[in-house]
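Undergrad: Structure here, sequence nowhere to be found:
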Ligand SMILES: NC(=O)c1ccc[n+]([C@@H]2O[C@H](COP(=O)([O-])OP(=O)(O)OC[C@H]3O[C@@H](n4cnc5c(N)ncnc54)[C@H](O)[C@@H]3O)[C@@H](O)[C@H]2O)c1
């Protein structure tokens, strides 16, 4: 089992050095306190070269089993394709490591349950899923406000994850392993909705979608713009929108509506606090992608993982939350395909 004392830095290994993995690796190597990024694993030689040359990591693996058997690693950060998350999390827990795994935990409920069962057998190890918005300062402030009763009883969450259009279609190549737009993007909004609404049980979901710019997604049963409604026990509702085709930038925004007020987070995708007013109108710059929007939150998330592994600060985000997010995301995806409301 991982033996981490509060006095020694946590020794971390990262698996997956793609679009997000490289960002996590840079943050762990250069900007996260109380840890050392000591190992990296990727089947791709250029990614291992990046880890060795750019990050100075000495322990490089092309084989995941050899990576998690390394006794010099206390904790692993898994930023691998979603279809691998469950089995890799289980293997790493069984090898005695703390685990951070990117969202979603898995693409079916049975896989999530397998992870939960293994994590229960290893209670001294941390197992954390990367719902990064829980570490964003604005979302944290909004949730604290809801929890303090400032908007009365929250009953409706309207939340969207909208990416700027990528003409090269990274996400089309990503589609076979991502689980589709709702499992990939809306899973964040699903977790947010549950967090803001006090973790109610989801009952039923309805979804529809359209393909505005990327017809190649049809081969994977996916769309580039998706809409969903989730009904929760007790009357609360969530309305979700996910898009891959925004013209202006990345716009993640959320409204939480309560009986005594409402909160809005992230409207208009503003990059900074500068508003230009001139003869063309009134405008501001926008964030271009999810990383620019959530860079601070990703850093706080990693710091929270390290602190949890070192026994300094427990996590409020649980694997059970991740299981519910997958369960709801799957019902939404079934509804997209069936055209009917689906039980969660
Ligand atoms: N939290 C967020 O906002 C957010 C944003 C983007 C991606 N993600 C998640 O991060 C994960 C990775 O996404 P990405 O966009 O970086 O994908 P990507 O395809 O760019 O990267 C995947 C990486 O995994 C590596 N890999 C593949 N098989 C492996 C194996 N067996 N062992 C080790 N490495 C292996 C690949 O070489 C690649 O480096 C996905 O689960 C995705 O849902 C989360």
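TA: Thanks, I have it. As the structure is a computational prediction, the values presented were derived from the model and not from experiment.
Undergrad: Going by C-alpha atoms from here, please, whenever you check contacts or count neighbours.
TA: Fine.
Undergrad: residues in contact with residue 59?
TA: Taking CA atoms under 8 Å, 6 or more residues apart in numbering as the criterion, residue 59 is in contact with 38-40.
Undergrad: Spell out the residue ranges of the helices in the protein.
TA: Secondary structure of the chain (DSSP state H): helices located at 21-30, 45-55, 64-68, 85-94, 109-121, 137-147, 170-178, 181, 187-197, 290-309, 319-338.
Undergrad: what comes into contact with the helix-or-strand element of the chain with minimal mean pLDDT?
TA: Least confident element among the helices and strands of the chain, by mean pLDDT, DSSP states H and E: helix 170-178 (a mean of 84). Contacts to helix 170-178, defined as CA under 8 Å, 6+ apart, come from residues 81-83, 184, 214, 216-217, 220, 222.
Undergrad: make it 6 Å
TA: For helix 170-178, the surrounding residues in contact (CA atoms under 6 Å, 6 or more residues apart in numbering) are 82-83, 184, 217.
Undergrad: List, out of those residues, those positioned next to the ligand.
TA: Residues of the contacts of helix 170-178 in contact with the ligand (CA under 6 Å from any ligand atom): 82, 184.
Undergrad: For this structure, which residues are neighbours of the ligand?
TA: Looking at the ligand, the residues of the chain close enough under CA under 6 Å from any ligand atom are 15-21, 41-44, 64, 79-82, 102-104, 130-132, 184.
Undergrad: For ChimeraX, write the selection for the buried entries among the residues you listed.
TA: Buried residues among the residues of the chain next to the ligand (16 or more other CA atoms under 10 Å), as a ChimeraX selection:
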select :15,16,17,21,41,42,64,79,80,81,82,102,103,104,130,131,132,184
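Undergrad: List the ones among the residues of the chain next to the ligand that fall in strands.
TA: Counting by DSSP state E, the residues of the chain next to the ligand place 15, 41, 102, 130 in strands.
Undergrad: What's opposite the third one in the beta bridge?
TA: When bridges are called by DSSP bridges, residue 102 pairs up with residue 130.
Undergrad: thought it was touching residue 130?
TA: Yes: using CA atoms under 6 Å, residue 102 and residue 130 qualify as a contacting pair, with a distance of 4.6 Å.
Undergrad: hang on, the earlier thing: would you mark the buried spots in the least confident helix or strand of the chain?
TA: Neighbour-count burial for helix 170-178 flags 171-172, 175-176, 178 (criterion: 16+ other CA under 10 Å).
Undergrad: ok, now stretch 199-214?
TA: Residues of stretch 199-214 classed as buried under the neighbour-count rule (16+ other CA under 10 Å) are 200, 202, 204-211, 213-214.
Undergrad: low-confidence ranges in this structure?
TA: Along the chain, segments meeting pLDDT under 70 span 1-6.
Undergrad: so what are the domain limits for it?
TA: By the assignment in automatic domain parsing, the chain contains the domains 10-130, 134-294+324-343.
Undergrad: so what's the nearest residue to residue 160 once chain neighbours are set aside up against?
TA: Among residues not flanking residue 160 along the chain, residue 241 sits closest, at 4.6 Å (CA to CA, 6 or more residues apart in numbering). By CA under 6 Å, 6+ apart, residue 241 lies in contact with 160, 226-227.
Undergrad: likewise residue 14?
TA: Residue 14 makes contact with 40, 76-77, according to CA under 6 Å, 6+ apart.
Undergrad: Let's have these in CSV, adding neighbour count.
TA: Formatted as CSV, the contacts of residue 14 follow (neighbours: other CA atoms under 10 Å):
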residue, neighbour count
40, 28
76, 25
77, 29
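Undergrad: Nearest to residue 126 among those?
TA: Of all the contacts of residue 14, residue 76 has the smallest distance to residue 126: 10.2 Å, by CA to CA.
Undergrad: Surely that closest one is in contact with residue 10?
TA: No: using CA under 6 Å, residue 76 is not in contact with residue 10; the gap is 10.2 Å.
Undergrad: Show me what residue of the stretch 151-300 of the chain gets nearest to the ligand.
TA: When scored by CA to the nearest ligand atom, the stretch 151-300 of the chain has residue 184 as its residue closest to the ligand, at 5.5 Å.
Undergrad: could you measure that residue against residue 315, distance?
TA: Residue 184 sits 23 Å away from residue 315, going by CA to CA, to the nearest Å.
Undergrad: same check, this time on residue 62
TA: The spacing between residue 62 and residue 315, counted by CA to CA, is 31 Å.
Undergrad: Just give me the neighbour total for residue 288.
TA: Counted by other CA atoms under 10 Å, the residues lying close to residue 288 total 18.
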